[in-house]
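Colleague: structure, please.
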Amino acid sequence: MSDRFMTQMQMARNNIVSEEMRICALGEGVPVEVIMEKLANGQAVIPKNRLHNISKPKVIGSNFSVKVNANIGTSFGYSSLKEELEKLNVALSAGADSVMVLSTWGNLSEMRRIIVENSPVPVGSVPIYDSAVKAYEEGKNVIDFSEKDFIDMVYAHAKDGIDFMTIHVGITKDVLKKLKDSKRILKIVSRGGAIIAGWMIKNNRENPFYEHFDEILDIAAEFDITLSLGDGMRPGAVVDATDPQQLEELFVMSQLVDRAREKGVQVMLEGPGHVPLNEIETNVKLMKKIGKGAPIFLLGPLPTDRGVGHDHIVSAVGAAFAAYHGCDFICYVTPAEHVALPDVEDVKYGVIASKIAAVIADVARGNKKALELEHQMALARARFDWNKMFELAIHSEDAKKKLKSRPYESEGCSMCGPFCAIKVTKDFSEGKITVMM
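Modeller: Numbers count the residues shown, from 1 in each chain. Just a heads-up that it's a prediction; the model follows:
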């Protein structure tokens, strides 16, 4: 088999080094053999559709820096390609390692292709949204589409160059039938999960993604798409966390991870949404164990439901904790989560908050590159080297504005002025402060 038709996983198993592997190894500061080993055994993925020319590929998985994804996309009544491109650009400038196009209004295919064309990082999507939108535009209920539409939309997204796809394949009839009598307050909060569950109930059929999983694997292998097994049963409230529905879906995903790896298809697990802080470690470690070490892609998690309007902060707290315990990929949450479609500024601050969480986890996990950057920042602070501090900052734009808004003429800043501890200590160590005899 030519490496042209191999997935990144298959190339690694055959000791073939791809250009994406080389770039990722350089970015992580590790030998390329480390990347290959993790790809070969499924503990890492490099999302990269053969049709997407990516200049900044990313490796996601064990022992690598924590990555951050930004969701963008339109919604009912709010559809502007110009704004979506602005969201893409601000997400990239804020440090996003990937984006997902989750549009549910407008010309979805055109928007998806243009985002792919303009993105130097991996682009993800949720194909089931297209089927629901198509049905709605035809005057039908959002679940009124054919079984064939499930597979057709996956193939359409593949041809558009999508690098990784969320496939809600773990909601089986056995999982779903127990939901009605569950004690959950919010039964399903996943849009994709709800659409599929509605289709299954109306048609009294098994989940087509589950039933035709081999066909999906064939498409994924053909285009080298990374499958993200969607958590349709993720808890949508902290009081619903770590319940039987969530865990049953996870056990289904475990079987699907094995089937994907057998075909050389890269795969990740999505999880768990709203989880109290004291349950995050258990959730992450359970996902790693049940998922056979596959990379974990987390939305949040949000350890409180009461941070409405500030959920980017809530999510950053949960994400830092989750990443420290083994999460590999953070899906950002914006300040607008749960109340509105995010605008450009929401995207910016969502990415910044998640990048901060990722860096906190990298430092705690002992990532050599992260620790070296912390060392350089300490030296820059000791020297009052503002230019170097801003260069090293996760995002320096706001810090520069604040420094200029309340300036201080001497070394230091207006926070402490002449009482700056660093300045006083520096003067003493340099002999500028003498002992009175």
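Colleague: just the strands in the stretch 51-200 of the chain please.
Modeller: For the stretch 51-200 of the chain, applying DSSP state E, counting those that start in this stretch gives strands covering 60-61, 67-72, 98-101, 123-125, 164-167.
Colleague: His312 is nearest to which of those?
Modeller: Comparing the strands of the stretch 51-200 of the chain against His312 with Cβ to Cβ, the closest turns out to be strand 67-72 (11.2 Å). Glycine gets a C-beta too; all of them are placed from N, C-alpha and C.
Colleague: for the closest one, list the C-alpha coordinates in PDB.
Modeller: Output of strand 67-72 as PDB, limited to C-alpha atoms (Å, rounded to 0.1, in the frame of the first residue of the first chain):
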ATOM      1  CA  LYS A  67      -4.400  21.300  22.600                       C
ATOM      2  CA  VAL A  68      -7.400  23.700  22.400                       C
ATOM      3  CA  ASN A  69     -10.300  23.700  19.900                       C
ATOM      4  CA  ALA A  70     -12.500  26.600  19.100                       C
ATOM      5  CA  ASN A  71     -16.100  26.100  17.900                       C
ATOM      6  CA  ILE A  72     -17.400  28.600  15.300                       C
END
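Colleague: just the mean pLDDT for it, thanks.
Modeller: The average pLDDT for strand 67-72 rounds to 98.
Colleague: pipe the strands of the stretch 51-200 of the chain into JSON lines and attach distance to Ala380 and mean neighbour count per row.
Modeller: Compiled in JSON lines, the strands of the stretch 51-200 of the chain are given as follows (distance: least, Cβ to Cβ, whole Å; neighbours: other Cβ atoms under 10 Å):
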{"stretch": "strand 60-61", "distance to Ala380": "30", "mean neighbour count": "25"}
{"stretch": "strand 67-72", "distance to Ala380": "24", "mean neighbour count": "26"}
{"stretch": "strand 98-101", "distance to Ala380": "29", "mean neighbour count": "27"}
{"stretch": "strand 123-125", "distance to Ala380": "35", "mean neighbour count": "28"}
{"stretch": "strand 164-167", "distance to Ala380": "36", "mean neighbour count": "27"}
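Colleague: wait, which of those is closest to Gly193?
Modeller: strand 164-167 (9.9 Å).
Colleague: in the stretch 301-437 of the chain, which spans are strands?
Modeller: Going by DSSP E, counting those that start in this stretch, the stretch 301-437 of the chain shows strands at 329-331.
Colleague: low-confidence regions, it specifically.
Modeller: Filtered on pLDDT under 70, the stretch 301-437 of the chain yields the residue ranges 434-437.
Colleague: one more pass at 90, please.
Modeller: 408-412, 418, 422-437 (pLDDT under 90).
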